[in-house]
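[1] take this sequence and fold it.
(one chain, ligands or ions: 1)
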Amino acid sequence: MAVQRTLSIIKPDATRRRISGRINAHLEGAELNIVAQKRVRLSISQARAFYAEHAERAFYDDLCAYMASAPVVVQVLEGEDAIARHREVMGATNPADAEDGTIRKEFGLGVQENSVHGSDSPASAAREIGFFFSEMEIVG
Ligand code: ADP
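    Numbers count the residues shown, from 1 in each chain. Sure thing, here's the model as predicted:
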């Protein structure tokens, strides 16, 4: 397996509840190294640009308003097979469908307020990491 990088976002429902540390304990426990991290407050237009691939979905406007409703923590994770490993630790999009022990099962409030984001492919990871970070900010 190759070492990969992926983008993680700790979403507004989680920063509001002060559970970023507990979420990161799950990520680090899965041998994902946090190699870049910052707290940002997205504008609606930044959220819309980040989630542009979902522009046609019925939930798009709500999703973007939610992502801009409070600060988020954006992070780059690095590790063996990091993209799939991170998705596994996050669990299914809807916390009701997520496996026991996953972040979304433990912390997610609903299908929208599901606490975390993770890139779903190498192409998305490259785009999403570049959206928030320059190479200088990533320290492995
Ligand atoms: P994932 O984050 O698991 O990759 P998607 O890319 O399908 O899931 O969706 C992006 C985000 O949009 C989800 O994490 C969630 O916050 C929100 N979302 C997805 N499906 C719905 C839905 N049916 N209703 C409301 N929000 C949704």
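
[2] quick one: residues contacting the residue nearest to Ser119 when sequence neighbours are not counted.
    Distances taken as CB to CB, 6 or more residues apart in numbering place Ala125 nearest to Ser119, at 3.8 Å, with adjacent residues excluded. (C-beta placed from N, C-alpha, C; glycine too.) Applying CB atoms under 8 Å, 6 or more residues apart in numbering to Ala125 gives the contacts Gln4, Arg5, Thr6, Leu7, Ile83, Ser119.

[3] identify the bridge partners of the second one.
    Beta bridges link Arg5 to Glu78, judged by DSSP bridges.

[4] out of the contacts of Ala125, who has the most neighbours?
    When neighbours are taken as other CB atoms under 10 Å, the top entry among the contacts of Ala125 is Thr6 (27 neighbours).

[5] tell me if I'm right that that one and Val76 touch.
    Yes: using CB atoms under 8 Å, Thr6 is in contact with Val76, at 7.3 Å.

[6] give me the common contacts of these two.
    Ile129.

[7] count of neighbours near the nearest residue to Arg16 once chain neighbours are set aside?
    What sits nearest to Arg16 in space, not counting adjacent residues and going by CB to CB, 6+ apart, is Ala70, at 5.3 Å. Each residue near Ala70 was counted by other CB under 10 Å, and the total is 14.
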